[in-house]
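Engineer: what follows is a predicted protein model with its sequence.
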Amino acid sequence: MQQQVLIVEDDQDIARLLQVHLTELSLDVDHVFDGESAMDKLHQGNYAIVLLDIMLPGVDGLTLCREIKTSTPHISVVLLTSKSSEMDRIIGLEMGADDYICKPFSYREFQARVKAQLRHVRLLQAKENQATHTEQAPLQLGRLSIDTVCHEASLGAQALDLTATEFELLHFFAAHPNQVFSRTQLLESVWGYQHSGYEHTVNSHINRLRSKLEKYGGEGVIETVWGVGYKLNAKQLTQA
């Protein structure tokens, strides 16, 4: 079965070029011009990836990104941005975007990034299927509880509102408490990426995960080990 990709781009020429490159990857491609049409399509289809232009008529791309990751967190969102819009890229990643591609881009880079996102989606689906078909008790680490069957996480009595990737990242850290992982190791284990060039993805997800934990008293749970990487500090989860 072909995997589906939705292009949300108001420039017909760019959209047509993207469709050609995606078709070469044997993907089933749909295209819409604005955010409202994109939401309609998302309610009808089963998309693995949404390629999302930031500058759209009506609902802008950043707002749409937030809505997609809130309603369908398992869908991978890749932002299409200009090289001059660094702040938009940062905001988009903070809103849950999985990656971004700067325009203009080479077709080789574009296809490589799409294939990386497809691997990431397949990895998440495989983990979810494994959790569904395997009797697993919730992982309990101090105040942190993670239920992979129900795909729920909580800190103390507070449920954590996490995207699919944030959930997998937190679960990976919790399964290896106090162990330090480099960004490359996290990319391979959580995202399924086998090469560098996506470090910004790790940084953005770590920052978002930290902010959500800190909201409920989880300061210092995800710790930076300078020059090495990140770890989950289990001691912080035993403190009231």
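Structural biologist: Everything's here; your move.
Engineer: mind giving me the packing neighbours of the helix or strand of the chain with the lowest mean pLDDT?
Structural biologist: Every helix and strand in the chain was compared by mean pLDDT, DSSP states H and E; the lowest is helix 86-94, with a mean of 75. Packing partners of helix 86-94 (3 or more C-beta pairs under 8 Å, 6 or more residues apart in numbering; DSSP states H and E): helix 61-71, strand 76-82, strand 99-103, helix 199-214. Just so you know, the C-beta spots here come from the backbone N, C-alpha and C atoms, and that holds for glycine as well.
Engineer: so which elements touch the second one?
Structural biologist: If I follow you right, that is strand 76-82. Strand 76-82 packs on strand 47-53, helix 61-71, helix 86-94, strand 99-103, helix 107-133, going by 3+ C-beta pairs under 8 Å, 6+ apart.
Engineer: strand partners (parallel or antiparallel) of the first one?
Structural biologist: Strand 47-53 sits in its sheet next to strand 4-8 (parallel), strand 76-82 (parallel), going by DSSP bridges.
Engineer: quick revisit: which of the helices and strands packed on helix 86-94 sits most buried?
Structural biologist: strand 76-82 (a mean of 23; mean count of other C-beta atoms under 10 Å).
Engineer: what's it in contact with?
Structural biologist: Residues external to strand 76-82 that are found in contact with it (C-beta atoms under 8 Å, 6 or more residues apart in numbering): 9, 14, 48-54, 61, 65, 68-69, 88-89, 92-93, 96-103, 113-114, 117-118, 120-121.
Engineer: many thanks, have a good one.
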